[in-house]
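Colleague: Just a sequence and a predicted model for now, questions to come.
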Amino acid sequence: MQQRSDGRTPDQVRPISFELNIAPHATGSVLVAMGNTRVICGVTVEETVPRWMKEQGVTGGWLTSEYSMLPYSTTTRKPRDISKGRLDGRSTEIQRLIGRSLRAVVNLEKLGPRTMWVDCDVLQADGGTRTAAITGASLAVALACRKIAEAKKVDAPPIKKLVAAVSAGILDGRAIVDLNYEEDKAVTVDFNVVATEDGEFVEVQGSGEEATFAQDELDQMMTLARKGIADLIAVQRAVLARIMVSPVQG
Ligand code: UDP
């Protein structure tokens, strides 16, 4: 297989690592690194639900997300949204994607009348920040669910399964997975895929950027994305298995 600019094969995700409990005041937190992309994922559980749930008589809890890029996460300083007085469209789109992805795996009924805030802040951006945020947030949510179960707020951790996400694209006519920024700029087709540990999809987003793509290319991207997500979930599982035998860290 022909190698990529950073030496990876087309089907290879970047090195992934998870640093747990980096924000002690959060209910669960993780610093996720996928190559040079690093995202802080912090989960806070509040003992309240949004007003619309109360008004509409919706039972159970809620999970919502906020996403931002820290000013120094990009090569040229990115001003905070607050300094412009409004959230940019990209951040809004990404935080809604993160929220949907995590709501698919959390049992909101079992969460009870609580809100899980999933805050994702990009520390270093090198492509794939939304997918890294989802993959990291999955573990941060798992930690938070475990913590509220230990605190006897719920009978069992209200998480159904793990979720992870990866990007894929077509570069020079062939599919590649987990694009870095350099590749992201060069591809003609850009995909983001979110799936759970049992191989079910939560979301598939894809578009041709000033280009079209063929059924065969779509199939190739989906195959690589599925494999990439399975690789990421294997690492998530290994990290969780380690802390299960070491309760002090959990
Ligand atoms: N990027 C940037 N500044 C921005 C938005 C994006 O430097 O305001 C870079 C960053 O490296 C990011 C990449 O462009 O990871 C790709 O951005 P995209 O909107 O495709 O989202 P992502 O791939 O991060 O989910």
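Modeller: Right, received. Where do you want to start? Residues are numbered from 1 along each chain as shown.
Colleague: okay, CA-based contacts and neighbour counts for the rest of this
Modeller: Will do.
Colleague: tell me the SS of the residue in the chain that the ligand sits nearest to?
Modeller: Across the chain, no residue is closer to the ligand than Gly127, which sits at 3.0 Å (CA to the nearest ligand atom). Taking DSSP: H, G, I helix; E, B strand; the rest coil as the rule, one finds Gly127 in the coil state.
Colleague: my guess is it contacts Tyr181, does it?
Modeller: Yes. Gly127 lies in contact with Tyr181 (CA atoms under 8 Å); the separation is 4.2 Å.
Colleague: And Arg100, its phi and psi?
Modeller: Dihedral angles of Arg100 (phi, psi; degrees, to the nearest 10) stand at phi -60, psi -40.
Colleague: wait, is Asn192 part of a helix?
Modeller: No. Asn192 is assigned strand when assessed by three-state DSSP, not a helix.
Colleague: where does the closest residue to it other than its chain neighbours land in three-state SS?
Modeller: Closest residue to Asn192 in three dimensions, ignoring its sequence neighbours and counting by CA to CA, 6 or more residues apart in numbering: Ser167, at 4.3 Å. Assigned with three-state DSSP, Ser167 falls in the strand class.
Colleague: How about the contacts made by Ser167?
Modeller: Neighbour list for Ser167: 128, 131, 177-179, 190-193, 225 [criterion: CA atoms under 8 Å, 6 or more residues apart in numbering].
Colleague: Report all helices and strands that the lengthiest helix in the chain contacts.
Modeller: Identified as the longest helix of the chain according to DSSP state H is helix 215-244. If you count contacts as 3 or more CA pairs under 8 Å, 6 or more residues apart in numbering; DSSP states H and E, helix 215-244 packs onto strand 16-20, helix 129-150, strand 163-171, strand 174-177, strand 189-196.
Colleague: Same list (those) but as JSON lines, adding mean pLDDT.
Modeller: Converted to JSON lines, these look like this (pLDDT from 0 to 100):
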{"stretch": "strand 16-20", "mean pLDDT": "98"}
{"stretch": "helix 129-150", "mean pLDDT": "97"}
{"stretch": "strand 163-171", "mean pLDDT": "97"}
{"stretch": "strand 174-177", "mean pLDDT": "96"}
{"stretch": "strand 189-196", "mean pLDDT": "96"}
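Colleague: Need the residues that contact the helix or strand bottoming out on mean pLDDT in the chain.
Modeller: Ranking every helix and strand in the chain by mean pLDDT, DSSP states H and E puts helix 81-84 at the bottom, with a mean of 86. Helix 81-84 has contacts (CA under 8 Å, 6+ apart) with 87-88.
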